Every structure is written in C-alpha cells, then in structure tokens.
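Visitor: structure of the sequence below:
(one chain, ligands or ions: 1)
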Amino acid sequence: MEFFELVKKRQSVRSYKPDPVSRENIMKILDAGNFAPSGQNQQQWEFIVVTGKAKEKLGESYGKIGEAYASQWEEPAKSQFIEYARTYGGAPVVIVVTVDTSKYPSTQKMHLESGCAAMQNILLAARDLGLGTCWMTGPLNDEAGVREALNIPEDREIVAVTPLGYPTEWPPMRDRVDPDLTKKVHWVD
Ligand SMILES: Cc1cc2nc3c(=O)[nH]c(=O)nc-3n(C[C@H](O)[C@H](O)[C@H](O)COP(=O)(O)O)c2cc1C
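Guide: Numbers count the residues shown, from 1 in each chain. Here you go, the predicted model:
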C-alpha cells in the first residue's frame with residue numbers, strides 16, 4: 001500500500017476472525033518492528049508472540065480488568081466487553097513489546113521511545129498485510145498478571161500490547177481532533 005494511504009488506513013481493530021496468522025507474516029511484521037529507529041542504536045526491544053494457552057492466561061488477566069471496568073454497565077454491553085477483554089477481541093495472536101530498563105530516567109525514556117517506534121512499525125506493517133492491530137496499554141493495569149502469564153522479568157519494561165489478526169471488518173476511520181492542523185502545528189521562526 002502507498003505509505004500515506006497506509007498511515008490513514010491503520011485503525012484500531014477490536015474484533016477479529018479466528019483465522020490463524022502465518023508465522024511468515026508474523027516474522028515480516030516483527031522485522032518491520034526491528035527496523036525502527038532506536039536510541040543509541042541499541043535496538044533495545046524484544047517481541048513476545050503470544051498464542052494458545054499463554055494467550056488464554058493473558059486473557060484471564062485482561063478479563064479481570066474488563067470485569068472491574070465494566071462492572072456498572074448494563075447487559076449485554078457488560079458481558080460483551082468482558083468477553084472482548086478475555087479473548088483480546090478474538091484475535092489469534094497477541095504481540096507484546098518490551099524494552100530494556102534503566103535506573104536513569106532519561107535513558108528509560110529513550111528505551112521506551114525506541115519501543116514505541118518499533119510498536120508503530122508493527123502496526124503499519126500489519127495493516128499493509130491486511131491484518132488488524134490495536135495498540136493497548138489497558139492490559140498493563142494488571143502488569144503483574146501480564147508478567148506472570150508471560151514470564152517477563154522485572155528488568156524488561158512492557159511498552160504495550162497488540163492483538164493481531166484478520167478483522168471481522170475494518171472499523172470506520174476515526175476523525176482527527178484537528179484535521180487541518182490549524183492548532184496542532186506551531187511554526188516557529
Ligand atoms: C499509548 C496508547 C494506548 C492505548 N491503549 C488502548 C487500550 O488499552 N485499549 C484500546 O482499546 N485502545 C487503546 N489504544 C488505541 C486508541 O484508543 C486509538 O488509537 C485511538 O482511539 C484512535 O483510533 P485509531 O487507532 O483507530 O486511529 C491506545 C493507543 C495508544 C497510542
């Protein structure tokens with residue numbers, strides 16, 4: 001897909017078909033992540049590809065968050081949201097991006113930003129292959145649960161999580177708050 005079209009067609013997908021994603025496509029997507037810029041060229045990211053039983057365990061953690069979040073909601077929205085959380089929208093794969101940690105805040109920021117760059121490349125590469133994603137930090141409300149489910153040690157910081165799979169449908173594109181960039185852009189001479 002042409003780059004600017006790709007950027008605009010990447011949308012957060014929250015409902016997936018159960019169809020598997022090939023290992024070849026997953027590796028292509030992670031290769032794009034691996035080609036992101038990184039602070040001091042440290043390439044300080046790692047990618048965890050979660051499927052099967054591990055995905056179920058991860059879903060138990062997010063499901064609990066979903067239960068708390070939707071506790072006051074009416075049915076059927078409540079049950080639907082909990083099911084969405086428990087299954088990551090039915091996606092067959094979840095990808096978790098982690099980075100190195102540092103005791104120095106500026107270095108930690110550098111690591112985290114490198115991880116975000118990798119994350120965005122992953123999202124765009126997936127879209128180019130017709131696959132949906134959703135950058136998610138919500139599951140980190142139970143960070144201990146995510147660490148436990150995936151055996152992530154304390155010396156790795158979790159950047160974000162994304163489901164990966166074929167969308168049941170592409171959601172409508174979200175409007176931008178300032179589509180003409182009249183307020184978001186500041187020209188300084
Ligand atoms: C840092 C970050 C955290 C996010 N966390 C979540 C999340 O936990 N759950 C979720 O459904 N979407 C999450 N999103 C997705 C945003 O809701 C989404 O990007 C935004 O609504 C714009 O929609 P679009 O991605 O379709 O353009 C997150 C996005 C970012 C960049």
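Visitor: rest of the way, CA atoms for contacts and neighbours
Guide: Fine.
Visitor: which residues are contacting stretch 77-90?
Guide: Here stretch 77-90 makes contact (Cα atoms under 8 Å, 6 or more residues apart in numbering) with 14-18, 56, 59-67, 70-72, 94, 163.
Visitor: go on, stretch 30-48?
Guide: Stretch 30-48 has contacts (Cα under 8 Å, 6+ apart) with 95-100, 110-111, 113-115, 117-122, 125.
Visitor: out of those residues, which are buried?
Guide: 95-100, 110-111, 113-115, 117-119, 121-122, 125 (16 or more other Cα atoms under 10 Å).
Visitor: take the residues you listed and keep only those in strands.
Guide: 95-100 (DSSP state E).
Visitor: which of the residues in the lengthiest strand in the chain are buried?
Guide: If you go by DSSP E, the chain has its longest strand at strand 156-165. For strand 156-165, the neighbour count (16+ other Cα under 10 Å) marks 156-165 as buried.
Visitor: where along the chain do the helices fall?
Guide: Using DSSP state H, the helices of the chain run over 3-9, 23-34, 52-69, 77-87, 105-128, 143-150.
Visitor: most tightly surrounded among those?
Guide: helix 105-128 (a mean of 21; mean count of other Cα atoms under 10 Å).
Visitor: any bit of that one sitting next to the ligand?
Guide: No. Helix 105-128 is not in contact with the ligand by Cα under 6 Å from any ligand atom; minimum separation 8.5 Å.
Visitor: and the average pLDDT for that helix is what?
Guide: Mean per-residue pLDDT for helix 105-128: 98.
Visitor: same check, this time on stretch 28-40
Guide: The model assigns stretch 28-40 a mean pLDDT of 98.
Visitor: how long is it from one end to the other?
Guide: 24 Å (Cα to Cα, to the nearest Å).
Visitor: cool, stretch 123-133 as well?
Guide: Span of stretch 123-133 from end to end, Cα to Cα: 6 Å.
Visitor: what residues does the chain have near the ligand?
Guide: So far as Cα under 6 Å from any ligand atom goes, the chain lies against the ligand at 11-12, 134-138, 174.
Visitor: just the buried members of these?
Guide: 11-12, 134-135.
Visitor: can you list those residues in JSON lines and add pLDDT?
Guide: Output for these, formatted as JSON lines (pLDDT from 0 to 100):
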{"residue": "Gln11", "pLDDT": "97"}
{"residue": "Ser12", "pLDDT": "98"}
{"residue": "Cys134", "pLDDT": "98"}
{"residue": "Trp135", "pLDDT": "98"}
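Visitor: closest to Asp178 among the residues you listed?
Guide: Gln11 (17.3 Å; Cα to Cα).
Visitor: not counting its neighbours along the chain, what's nearest that closest one?
Guide: Distances taken as Cα to Cα, 6 or more residues apart in numbering place Met173 nearest to Gln11, at 6.4 Å, with adjacent residues excluded.
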